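# compute the structure for the input listed below.
(chains A and B)
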Amino acid sequence: MKNGWMTSGFSRLFAMSLLGGGFLVAGAAGDAAKAEYPDRPVTIIVPWGAGGGTDTIVRLFAVGFEEALGVPVNIVNRTGGNGVIGHTAIATAAPDGYTLGACTSEISYFKTMNLAPLTPESFDLISRIAEIPAGVTVKTGGRFQDLKSVVEAMKSEPAGTLTSSGSGLGGPWHLAIAGLARMENLPASTVKFVPSQGGAPALQDVMAGGIDLFTGSPVEAKSLAESGEVKVVAVMAKERLAAFPDVPTVKEAIGVDWTLSNWFSLCAPPGLPAEVKAKIVETGKKGHAAPSVQTNLKERGITPVWDGPEQFAEFANAFAGTAAILLKDLGLAK
Amino acid sequence: MTAIAGAFAIVLDPATLLVIVGASLLGMLIGSIPGLTAVMGTALLVPITFFMDPVPAIAAMVAMTATAIFAGDIPGALLRIPGTPASAAYVDEAYALTRRGKPEVGLGLGLVASTAGGLVGSIFLIVCAPLLARIALGFSTAEYFWLALLGLSCAAFIGTGKPLKGLFSLLFGLAVSTVGLDPASGVPRFTFGSIDLMGGINLIPALIGLFAISEIMRGALHGAPAVREGIGTFGRVTAGLWQRAREHGRNIARGSVVGTLVGALPGAGADIAAWIAYAISRRFARRPQDFGKGSLEGLAEAGAANNSSLSGAWVPTLVFGIPGDSITAIVIGVLILKGMEPGPAIFIKQPEMIYGVLISFFLANLLMLPLGLAFIRVARHVVRVPPTILPPLVLMACIVGAFSLNNSLFDVWVMLAFGVIGWLMEENGIPVAPAILGLVLGGMLEFNFTTTLIKSDGDLLAFFMRPVAAGLGVVTLLVWAVTLFRLVRPARGAGVAAGPREA
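Have a look, this model is predicted:
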């Protein structure tokens, strides 16, 4: 497995077919990196599948980042194991600035759920790139018309009668409904969460009447909402979404101040040289601000965010704290 | 309507059309070279599709497989070596015609039958898939559990004709699918502390190994079949062709329908479709005395069936995510990679993509006729490619393909290991197709089982509480009961499935 020439040989073959040889140096250069950063292509590891939410966001961002950085930026998907594999690959890569990663909210609770010894401290956090708020989506013509009726049912019916889905157990969309229940002074597990492998199968089950609520992002439900199959009744954000101007926030709907967003970030293996990190932060910010990046993200209902290393670290730790409390209430913390 | 217009725009893009033509030519080559099968070609196409847009990527696979299944007839007719297992059923008929100095008669009729079969299958797919998707929108986890179990049962018991070996193969596939994090609870299983194994056994490297590596090993150990004799002269392929095609219209039509239905059945692919159609044509033949001596009836019926089954197999693939044959098992992996997760909702969410794929079925099958007519002329040179040239190239393509999927050497090891396993299985007469279905559907089966029980607080009756689920459950249990009954009773008629390998 540690066979160096094989690895570089394969990545060379792969690269040649990909870029006509442009990325050839990536495997081999090694100590040549003494020159000013960056002098060769940069790779961003995405721990989730090609075509998914994280992948889309990172690829859109990479267009601006590449221009600001002046070298090609390659996206590599390392999927599997609920994101553990890709995040481990990011955390254990050489901290030379040529391998970066797209850390997602899972880094806040890998350790809490005993999946992997990874925490926000396992990475050099650069900045958040984007966030997508959670929402509540129901079947059109079903028993719920708005968030108010959903919350009434949560209060009046025995715990576990209502079901929701959208991600794996303990995932962001699980925390979304658990947190809403807590804000209403109900146990976090009032709504039974049925795990799903992504938004699409969960929405399918909402349409089929197998579960009551989809608590994932309204963005995932957009095409089905437009065709009238499902109805988004609330977004868990401070403001309404541009893509859903008629859907109220939770606060507008029931007067409870609850927001939850899944977030996507640029991160790196820990221990980046200071000048390299400074360059990444600077060029990343510039690339992120490019008008094309901003419009491309917003058009898809994604909120662009650039908060820089300090604020991001603060946010990530706060998020990890909230997640730990909710996961403990749900009995998922180990 | 805008979706259909959008779909045409995608498919009629010059780049997409070029991909379809290129893939068709590739399919002709793969099919006409004995030892390279359509399934293997699909596995080898996977890494190339990484660099394509979704619709061209899928269209390439559609076009390549359609022409490869036809081109498999060519070495069958000229050398009596079927180019792919799907041509094995009627190889004697085609070769008998060549012996009589008329290779163009068999090949020409085979081409027309293949094209017609492909078009019938495509129409079935285009009409049925969206309708079925509409119904499937009402399916919850209990229904999906039964669908997956029904698909697996068909693959093991019916598709192979060898229930016990089929079951063994299926259980092996299911066991492998449990490696990695439990999809419902996230508990690691059989990972032995390895981060790579936490992600589970990646489907595509495993499939490349099972199909391509095992085939290379078999070729290396047994040697390629020797070319026996010279190939005679060719008459004009089109001479009298349309007349003959009209005379055998009934065979072509019946073969197309049978092939489409067999294709839609999970686990049974083009090879089984051809065997069944051949048996049916013999049963109802107008000139039964011709069979074995160049029967055009058998050739037309089976030639149509193997191509129509390709399209039929896409119906459960697109609508339920349950592959209809070994080719679509690989396609599912590519669809997911391309962000086109199979399932009924895809018809609402990405209609222009889906219709793009459906249109490309039509185009690819139409294109097959002129390409095939041209290719038959040069075919006699292609079938004589020395068998020592290809295996090293194929092996290299396999390794690059497995690696580039996830930039991980682990996947290369997975591929090589599964190559050895696939070879061992086939050497011992254990069919590989059920293992593949198990690998593809194991996660779906388990996850829908678990989530149904989570919803019902562990009440097993939940699997029969919804009407459609109850119906599917009863059908599944009947399949099991019938198989058990036949196993216990001494088998009288061995059925049609003669135990062929993959398409």
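
# from here on, just use CA atoms for contacts and neighbour counts.
Noted.

# near chain B, which residues of the stretch 51-200 of chain A?
Listed as neighbours of chain B in the stretch 51-200 of chain A under the rule CA under 8 Å from any CA of the partner chain: A:51-52, A:76-82, A:84-85, A:115, A:163, A:168-169, A:192, A:194-197, A:200.

# next one: stretch B:334-347 to chain centre, how far?
Stretch B:334-347 has its average C-alpha position 18 Å from the chain's average C-alpha position, going by CA atoms, centre = their mean, to the nearest Å.

# longest single helix anywhere in the chain?
Picking chain A for this. In terms of residue count, the longest helix belonging to chain A (DSSP state H) is helix A:308-329.

# wait, I meant chain B there
Secondary structure assigned by DSSP H gives helix B:103-136 as the longest helix of chain B.

# and residue A:238, what does it touch?
Residues near residue A:238 by CA atoms under 8 Å, 6 or more residues apart in numbering or on different chains: A:249, A:251, A:259.

# in a helix, that's where the last one is, yeah?
No. Following the definition DSSP: H, G, I helix; E, B strand; the rest coil, residue A:259 is coil and is not counted among the residues of a helix.

# and it, how many residues sit next to it?
Residues within reach of residue A:259, counting by other CA atoms under 10 Å in any protein chain shown, total 19.

# with the second one instead?
For residue A:251, the number of neighbouring residues by other CA under 10 Å comes to 17.

# mind listing what it touches?
The contact partners of residue A:251, by CA under 8 Å, 6+ apart, come to A:238, A:257-258.

# name the nearest of the residues you listed relative to residue B:60.
residue A:238 (46.0 Å; CA to CA).

# same for the longest helix of chain A, what does it pack against?
With contacts defined as 3 or more CA pairs under 8 Å, 6 or more residues apart in numbering or on different chains; DSSP states H and E, helix A:308-329 has these neighbours: strand A:124-133, helix A:172-183, helix A:274-289.

# just want the angle from that helix to helix A:172-183.
70 degrees (axes from the mean of the first three to the mean of the last three CA atoms, to 10 degrees).

# just the CA coordinates for helix A:308-329, please, in PDB.
Coordinates of each C-alpha in helix A:308-329 appear next as PDB, following Å, rounded to 0.1, in the frame of the first residue of the first chain:
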ATOM      1  CA  GLY A 308     -12.200  33.400   8.100                       C
ATOM      2  CA  PRO A 309     -10.200  31.200  10.400                       C
ATOM      3  CA  GLU A 310     -10.900  32.800  13.800                       C
ATOM      4  CA  GLN A 311     -14.600  33.200  13.500                       C
ATOM      5  CA  PHE A 312     -15.000  29.800  11.800                       C
ATOM      6  CA  ALA A 313     -13.100  28.100  14.700                       C
ATOM      7  CA  GLU A 314     -15.400  29.800  17.200                       C
ATOM      8  CA  PHE A 315     -18.500  28.800  15.200                       C
ATOM      9  CA  ALA A 316     -17.300  25.200  14.800                       C
ATOM     10  CA  ASN A 317     -16.700  24.800  18.500                       C
ATOM     11  CA  ALA A 318     -20.100  26.300  19.400                       C
ATOM     12  CA  PHE A 319     -21.800  24.000  16.800                       C
ATOM     13  CA  ALA A 320     -20.000  21.000  18.300                       C
ATOM     14  CA  GLY A 321     -21.200  22.100  21.700                       C
ATOM     15  CA  THR A 322     -24.900  22.300  20.600                       C
ATOM     16  CA  ALA A 323     -24.500  19.000  18.700                       C
ATOM     17  CA  ALA A 324     -23.100  17.300  21.800                       C
ATOM     18  CA  ILE A 325     -26.000  18.400  24.000                       C
ATOM     19  CA  LEU A 326     -28.600  17.300  21.400                       C
ATOM     20  CA  LEU A 327     -26.800  14.000  20.700                       C
ATOM     21  CA  LYS A 328     -26.700  13.300  24.500                       C
ATOM     22  CA  ASP A 329     -30.400  14.000  24.800                       C
END
